[in-house]
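Peer 1: Take a look and give me a structure for this.
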Amino acid sequence: MRILQTVSVKQVLTEMSKYKLLKKYKDNKQQLKKECEQLLFEMKKLDRTRKYTPAGLKSQFDKEIDIRKEKIKLIDFQIEQLDLLPLGSELNDQDVQALIDIKVGDNWEEVTKGKTIIIKDGTIIEIRER
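Peer 2: Below is the predicted model of the structure:
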């Protein structure tokens, strides 16, 4: 019989992976800033049409803009933390599902013990039993 098990994937921080993460964070931040600008533009455009109440319109757009500003603050924090991390640190990257073969007589605790895959610059360098 086979069961699904969650496997944690960790990434070893190297110059290359740090650069890629920093680029990803900056790209996400730039995208969120563009969305804020677009929302402001749309709010002004809809405000001119006079189809909606200005207070309701403004509060809805402000809410959406605030959500994006919070995400920007989170990205800024992540960038700060990335700068503090030494090379060689292990970062949680993602969780994946793995098929595990089990049979009668297997030790359940050993089977369900989690596994971790360690990746360095896109290459698996280690598979650990937790």
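Peer 1: Could I get the full set of strands for this protein?
Peer 2: Assigned by DSSP state E, the chain shows strands spanning 2-12, 90-101, 115-120, 123-129.
Peer 1: Highest mean neighbour count out of those?
Peer 2: strand 115-120 (a mean of 17; mean count of other CB atoms under 10 Å). Just so you know, the C-beta spots here come from the backbone N, C-alpha and C atoms, and that holds for glycine as well.
Peer 1: hey, C-alpha coordinates of it in PDB?
Peer 2: Backbone C-alpha positions of strand 115-120 (Å, rounded to 0.1, in the frame of the first residue of the first chain) are rendered in PDB as follows:
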ATOM      1  CA  LYS A 115      11.900  13.600   5.800                       C
ATOM      2  CA  THR A 116      13.700  16.700   4.700                       C
ATOM      3  CA  ILE A 117      15.300  17.300   1.300                       C
ATOM      4  CA  ILE A 118      18.200  19.700   1.300                       C
ATOM      5  CA  ILE A 119      18.900  21.700  -1.900                       C
ATOM      6  CA  LYS A 120      22.000  23.700  -2.800                       C
END
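Peer 1: can you tell which of the strands of the chain is closest to Phe41?
Peer 2: With CB to CB as the measure, strand 90-101 is the member of the strands of the chain nearest Phe41 (35.0 Å).
Peer 1: what would the strands of the chain look like in JSON lines with distance to Met43?
Peer 2: Shown next, in JSON lines, are these (distance: least, CB to CB, whole Å):
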{"stretch": "strand 2-12", "distance to Met43": "39"}
{"stretch": "strand 90-101", "distance to Met43": "36"}
{"stretch": "strand 115-120", "distance to Met43": "43"}
{"stretch": "strand 123-129", "distance to Met43": "47"}
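Peer 1: Which one, of those, ends up nearest to Lys44?
Peer 2: Closest among those, using CB to CB: strand 90-101, at 39.6 Å.
Peer 1: what angle sits between that closest one and strand 2-12?
Peer 2: 160 degrees (axes from the mean of the first three to the mean of the last three CA atoms, to 10 degrees).
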